[in-house]
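> what follows is a predicted structure for the sequence shown.
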Amino acid sequence: FKKNIYYNHLFRIAVSNNKISLSLRKRLEVKKKFKGILVSYQRTNWKLKHLQHNKILSFLKRITSQSEEIILTKNNLILEGGTTNILCVEKKIIYIPKSGYYPGITLQFFLKHSKRKIIKKNITKTQLRECDEILLVGSGKGVVAVEDIPQIHWHKKSNTVFNEFHRIYKSYINKQIATE
């Protein structure tokens with residue numbers, strides 16, 4: 001790598017009992033109008049991040065990941081995105097699912113750096129319709145505001161928390177780049 005050049009890529013290391021897998025791919029630019037697609041499925045072992053989720057991969061192959069994300073549900077409860085965590089905003093209070101999802105690095109970052117109240121609770125599909133904003137966060141997408149979820153006729157009502165979180169995230173990333 002050349003010195004002082006910023007490479008906007010994702011580098012992943014996956015370790016199993018008998019294999020170490022490395023992958024490097026260019027980070028895709030996420031579109032502004034982002035659609036959520038509800039899918040009834042839960043990872044078999046959601047407490048661990050691993051690459052053996054063939055079912056999720058089959059869902060992801062059917063969407064355009066730059067402008068769409070699958071949102072996993074089970075028994076009417078919202079869990080997570082296929083490659084992201086989900087934050088639901090209602091009256092400027094942030095809610096995240098109580099359990100049933102892998103707590104990614106980007107979610108942990110916002111739990112630590114947000115000054116807003118973040119409450120863990122079971123979120124139903126019906127409650128999702130009442131949200132003012134739905135955010136998706138992950139190392140590949142950063143922070144994304146969902147524009148709509150056609151299956152439940154939900155449309156974004158605000159950008160307040162998204163704008164705040166996007167600013168926090170970009171500021172942190174830019175500081176990291178500046179210190180390298």
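Here it is on my side, so go on. Quick caveat: nothing in here was measured; it's all calculated off a predicted structure.
> give me the distance from stretch 41-61 to the chain's centre.
With C-alpha atoms, centre = their mean, to the nearest Å as the basis, stretch 41-61 stands 14 Å off its chain's centre.
> can you tell me the element residue 169 falls in?
Per DSSP states H and E, residue 169 falls inside helix 160-179.
> buried residues in that helix, which are they?
The neighbour-count criterion (16 or more other C-beta atoms under 10 Å) identifies 161-162, 165-166, 168-169 as the buried residues of helix 160-179. Using the backbone N, CA and C atoms, a C-beta is placed for each residue, glycine as well.
> what ranges do the helices span in this structure?
Per DSSP state H, the chain carries helices over the ranges 54-60, 105-113, 125-128, 160-179.
> how about those helices, which one is nearest residue 43?
With C-beta to C-beta, the closest approach to residue 43 among those belongs to helix 54-60: 6.9 Å.
> average pLDDT for the closest one, rounded please.
Per-residue pLDDT values across helix 54-60 average out to 81.
> ok, the most centrally placed residue in the chain to residue 22 distance?
When the chain is reduced to its mean C-alpha position, the nearest residue by C-alpha atoms, centre = their mean turns out to be residue 84, at 2.4 Å. Distance of residue 84 to residue 22, given as C-beta to C-beta, to the nearest Å: 22 Å.
> rewinding a little: tabulate the helices of the chain (a markdown table), appending distance to residue 67.
Listed next are those as a markdown table, based on distance: least, C-beta to C-beta, whole Å:
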| stretch | distance to residue 67 |
| --- | --- |
| helix 54-60 | 13 |
| helix 105-113 | 19 |
| helix 125-128 | 19 |
| helix 160-179 | 16 |
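> for residue 154, which residues are in contact?
By C-beta atoms under 8 Å, 6 or more residues apart in numbering, residue 154 lies in contact with 36, 128-129, 131, 134, 148.
> please read the previous query as pertaining to residue 36.
By C-beta under 8 Å, 6+ apart, residue 36 lies in contact with 68-71, 81, 134, 136, 146, 148-149, 154.
> of those residues, which belong to strands?
When DSSP state E defines the strands, the subset of the contacts of residue 36 inside them is 68-71, 81, 134, 136, 146, 148-149, 154.
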